[in-house]
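> Sharing a sequence plus its predicted fold:
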There are 2 protein chains.
Amino acid sequence: MSDYRFINACFSKPVDRTPVWLMRQAGRYMEEYRAVRAKVDFLTLCKSPELCTEVTLQPIDKFGIDAAILFSDILIPVEAMGAKLDFNPAPVFEKPIRTQADVDALRVIDPEADVPFVPETVKMLRRELESCNVPLIGFAGAPFTLASYMVEGGGSRSFQNLKTMMWSAPKVYRSLMEKLTETVIKYLNAQVDAGAQAIQIFDTWGGVLSPADYLNFVMPYTRLVIQGIKTSPEGDKVPVINFVGNSQGFLPLVAQAGGDVIGIDWRIDIAAARNQVGRKAVQGNMDPIFLLAPIPEIEKRVKEILAAAGDTGHVFNLGHGIIPETPPEHVKALVDFVHEHGESHRVK
Amino acid sequence: MSDYRFINACFSKPVDRTPVWLMRQAGRYMEEYRAVRAKVDFLTLCKSPELCTEVTLQPIDKFGIDAAILFSDILIPVEAMGAKLDFNPAPVFEKPIRTQADVDALRVIDPEADVPFVPETVKMLRRELESCNVPLIGFAGAPFTLASYMVEGGGSRSFQNLKTMMWSAPKVYRSLMEKLTETVIKYLNAQVDAGAQAIQIFDTWGGVLSPADYLNFVMPYTRLVIQGIKTSPEGDKVPVINFVGNSQGFLPLVAQAGGDVIGIDWRIDIAAARNQVGRKAVQGNMDPIFLLAPIPEIEKRVKEILAAAGDTGHVFNLGHGIIPETPPEHVKALVDFVHEHGESHRVK
């Protein structure tokens, strides 16, 4: 048993109450975060361990959340591979990856040399979090989601360049995915070595594919990433949360790809989702826009989700990141409701 | 039994081969369509029966598709309710609907008086289609999808205005949905009276909701719409296709809302989807971007979908509309493959 209810919930062990953290819990909806961002641009923030530590801790201090997640961006290791990146504020790659030569020009990163600020932030955060007894989640984008930004050149609605590469030039696609897989494994293990106590893999865009395409073109790489994550320096198994956005049509495949916890979208009932992921824990699944609803409605929805998810193997979260328009007092109310109702219906 | 394999497939009756039509089969990917659009703007096209008839027939003549669908836009009846609409090219409402007063200012339409060009187009199309023995599908947007454009003021990614109205001002939301439901029923019945032989309801954005919200805030209105559709002037039941985009997380609820055919997204296996919709027929479910794949890959995917869907109660389609970048010769290949392979595996 771990000292942390979050870690125990990830391993489907009994907990005193359901733990809660929120995707993008450190972000623009907080005035404390905006105050930091007023001083530096986004990429500079991501590369400054002191500032990253500061913004990571802001929601922990303010709302009593059960886990901290390293403040960073999924594209940080991609930039280090040699893909020139800008934020305007959405991510834009100067030169989209389209050919074998483009892929060949990328390199697998050495995290200690190429992104030293990331393990440094993790170490700093572990020292700070010791006093409040909160565990730290490290993370990376899944190879497919990283590839989507690189091939599309930024965000996309149709993902037509990436999909066309997959179907028309599978060798180019697979060589890109192999390089990304190797990079992601090294990147995550650098975080584990530095002290990250859990890992979330963000396959934000995996759910734009059919099950057949996910199985053939994504699952093998996600599986390699998850299998490649080392134990902690203390020899403990590090729990892995496998989050694939909008994957409610093929959750059994997501579970097969691996992970101790499967991140669940709000567009499926969490009880139905649980039936599809076997004995794994589930994380989710409130609509992030629901944080804009009146507080009594939030309480009702929290109760419904807790009841549907059941007492063990549930990490409360949203189905996607918090949006900037979210009132911070609603986030506070949500966390308090999960703690209150996630305890009361439990057998002591 | 109908003379049309498309109609028989909708009612899950035996067919000689699987019928196929494609969402947005008349559109910018066709040079014949672009030639018409070079002469008139989009709204003028939608309001010109001769031109609508011409573009509706273009893919029928060119590709041998098994059903025609009225060329129009889901927002045509909404404009007639009094919501000023523009296309730039995405739809934009001059004044988003946000308050009870905004809703009260809208009126339920009288289709014969307010959108006479729609029944007129249907009649013209029926005359033209008689010679090629192809049935005509009429359509409308579902109340929720129409409300989303009206409340957001156009397209959206987060749907936060609509969702916030739903949760914070449910009376305003429901009065809007009631007015839309009444309008959609009248609008669809005007098409049926004019000769539409099947109806598709497009709830393109229904899949942005959680199952709980779909059940509470959408399903009652979709059900009223479907129950409100009359029999044809000849007294025949008109089959209804209920398409809710991205609803693979709550297909049993979509089936409960009604319809003879449930439109299926590509982000779920069609065999798994069929298990969730009871005895209804299914329509789908190729990724529209797959039309950009090499033709031999399209053939493989068509075979997989046909095999997974089974022999009866399947209308082949995409999971969303054709995109403008689609090569027309790939559409031709797709239709031919469905006809070829949708026949060969059938017991004679």
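Yep, that arrived. Numbering: from 1, shown residues only, chains lettered A, B, ... in the order given.
> which element follows the lowest-mean-pLDDT helix or strand in chain A toward the C-terminus?
Lowest by mean pLDDT, DSSP states H and E among the helices and strands of chain A is strand A:85-87, with a mean of 91. The helix or strand immediately downstream of strand A:85-87 is strand A:91-93, counting by DSSP states H and E.
> That next one packs against which elements?
Judged by 3 or more Cβ pairs under 8 Å, 6 or more residues apart in numbering or on different chains; DSSP states H and E, strand A:91-93 is in contact with strand A:85-87, helix A:143-152. For glycine as for every other residue, the C-beta is placed from the backbone atoms N, C-alpha and C.
> Can you point out the buried residues in that strand?
A:91, A:93 (16 or more other Cβ atoms under 10 Å in any protein chain shown).
> so how far is it off the chain centroid?
Mean-position distance between strand A:91-93 and its chain equals 20 Å (Cα atoms, centre = their mean, to the nearest Å).
> could you give the mean pLDDT of it?
pLDDT averaged over strand A:91-93 equals 95, rounded to a whole number.
> got the contact list for the helix or strand just after it?
Downstream of strand A:91-93, the next assigned helix or strand under DSSP H and E is helix A:100-104. Applying Cβ atoms under 8 Å, 6 or more residues apart in numbering or on different chains, the external contacts of helix A:100-104 come out as A:95-97, A:171-172, A:175-176, A:179.
> Which positions in helix A:100-104 come out as buried?
For helix A:100-104, using 16+ other Cβ under 10 Å, the buried residues are A:102-103.
> Check the model's average confidence along it for me.
Mean pLDDT, computed over helix A:100-104, is 98.
> same deal with stretch A:209-219?
On average, stretch A:209-219 scores 98.
> Now it: buried residues?
A:209-215, A:217-219.
> So which bits of the stretch 201-348 of chain A are right by chain B?
A:207-213, A:246-250, A:265-269, A:272, A:285, A:287, A:289-290, A:292-294, A:297, A:301, A:304, A:323, A:325 (Cβ under 8 Å from any Cβ of the partner chain).
> So among those, which ones count as buried?
Buried, going by 16+ other Cβ under 10 Å: A:207-213, A:246-250, A:265-269, A:272, A:285, A:287, A:289-290, A:292-293, A:301, A:304, A:323, out of those.
> Among these, name the ones in helices.
Using DSSP state H, the members of those that fall within helices are A:211-213, A:272, A:301, A:304.
> Tell me the one of the residues you listed nearest B:V20?
Of all those, B:V20 sits closest to A:A212, with 19.1 Å by Cβ to Cβ.
> from memory that closest one sits against B:A307, does it?
No. Judged on Cβ atoms under 8 Å, A:A212 makes no contact with B:A307 at a distance of 11.7 Å.
> What average pLDDT does the longest helix along chain A get?
Across chain A, the longest stretch assigned as helix under DSSP H is helix A:170-194. Rounded to a whole number, the mean pLDDT of helix A:170-194 is 98.
> end-to-end on stretch A:198-210?
Using Cα to Cα, to the nearest Å, the end-to-end distance of stretch A:198-210 comes to 29 Å.
> Once you drop chain neighbours, what's closest to A:P170?
A:F217 (7.9 Å; Cβ to Cβ, 6 or more residues apart in numbering or on different chains).
> Pretty sure that neighbour sits against A:K163.
No. With contact defined as Cβ under 8 Å, A:F217 does not count as touching A:K163 (9.2 Å).
> Can you pull the residues that touch both of those two?
Shared contacts of A:F217 and A:K163 (Cβ under 8 Å, 6+ apart): A:L209.
> now the contacts of helix A:100-104: which count as buried?
A:96-97, A:172, A:176, A:179.
> Show me which of the residues you listed is closest to chain B.
When these are ranked by distance to chain B (Cβ to the nearest Cβ), A:V172 comes first, at 13.9 Å.
> Just give me the closest of the ones in helices among the buried ones among the residues of the stretch 201-348 of chain A next to chain B to A:A147.
Nearest to A:A147 among those is A:D213, at 12.9 Å by Cβ to Cβ.
> Report the contact partners of that closest one.
A:D213 sits in contact with A:163, A:166, B:287, where contact means Cβ under 8 Å, 6+ apart.
> Share the number of residues neighbouring A:I241, please.
23 (other Cβ atoms under 10 Å in any protein chain shown).
> Hmm, A:A196 and it touching each other?
No. Between A:I241 and A:A196 there is no contact under Cβ under 8 Å: 11.9 Å.
> what's the helix or strand harbouring A:P77 packed up against?
Taking DSSP H and E as the criterion, A:P77 maps to helix A:76-80. In terms of contacts (3+ Cβ pairs under 8 Å, 6+ apart), helix A:76-80 is packed against helix A:111-114, helix A:143-152, helix A:170-194.
> Which one of those lies nearest to B:L57?
Set against B:L57 and scored by Cβ to Cβ, those come closest in helix A:143-152, at 35.4 Å.
> Can the closest one be said to contact chain B?
No. Helix A:143-152 lies out of reach of chain B by Cβ under 8 Å from any Cβ, never closer than 12.0 Å.
> Quick check: what element follows that helix along the chain?
Next along the chain after helix A:143-152, taking DSSP H and E as the criterion, comes helix A:160-168.
> Please identify the buried residues of that next one?
Residues of helix A:160-168 classed as buried by neighbour count (16+ other Cβ under 10 Å): A:160-167.
> do stretch A:104-117 as well
Applying 16+ other Cβ under 10 Å to stretch A:104-117 flags A:106, A:108-109, A:111, A:114-115, A:117 as buried.
> circling back to that earlier point, distance to A:V277 and pLDDT for the buried residues of helix A:160-168 - can I get that in a markdown table?
Converted to a markdown table, the buried residues of helix A:160-168 look like this (distance: Cβ to Cβ, whole Å; pLDDT from 0 to 100):
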| residue | distance to A:V277 | pLDDT |
| --- | --- | --- |
| A:Q160 | 30 | 97 |
| A:N161 | 31 | 98 |
| A:L162 | 26 | 98 |
| A:K163 | 26 | 98 |
| A:T164 | 31 | 98 |
| A:M165 | 30 | 98 |
| A:M166 | 25 | 98 |
| A:W167 | 28 | 98 |
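> Pick out whichever of the buried residues of stretch A:104-117 sits closest to chain B.
In terms of Cβ to the nearest Cβ, no member of the buried residues of stretch A:104-117 lies closer to chain B than A:L106, at 24.4 Å.
> Nearest spatial neighbour of that closest one, chain-adjacent residues omitted?
A:M81 is the one closest to A:L106 (Cβ to Cβ, 6+ apart), at 4.6 Å.
> Surely that neighbour touches A:V184?
No. Applying Cβ under 8 Å as the test, A:M81 and A:V184 come out as separate, 10.5 Å apart.
> Chain neighbours aside, what residue packs nearest to A:D203?
Distances taken as Cβ to Cβ, 6+ apart place A:A142 nearest to A:D203, at 3.6 Å, with adjacent residues excluded.
> neighbours around the one you found, how many?
Neighbour count for A:A142, taken as other Cβ under 10 Å: 28.
> So it versus A:I7, what's the distance?
Separation of A:A142 from A:I7 (Cβ to Cβ, to the nearest Å): 22 Å.
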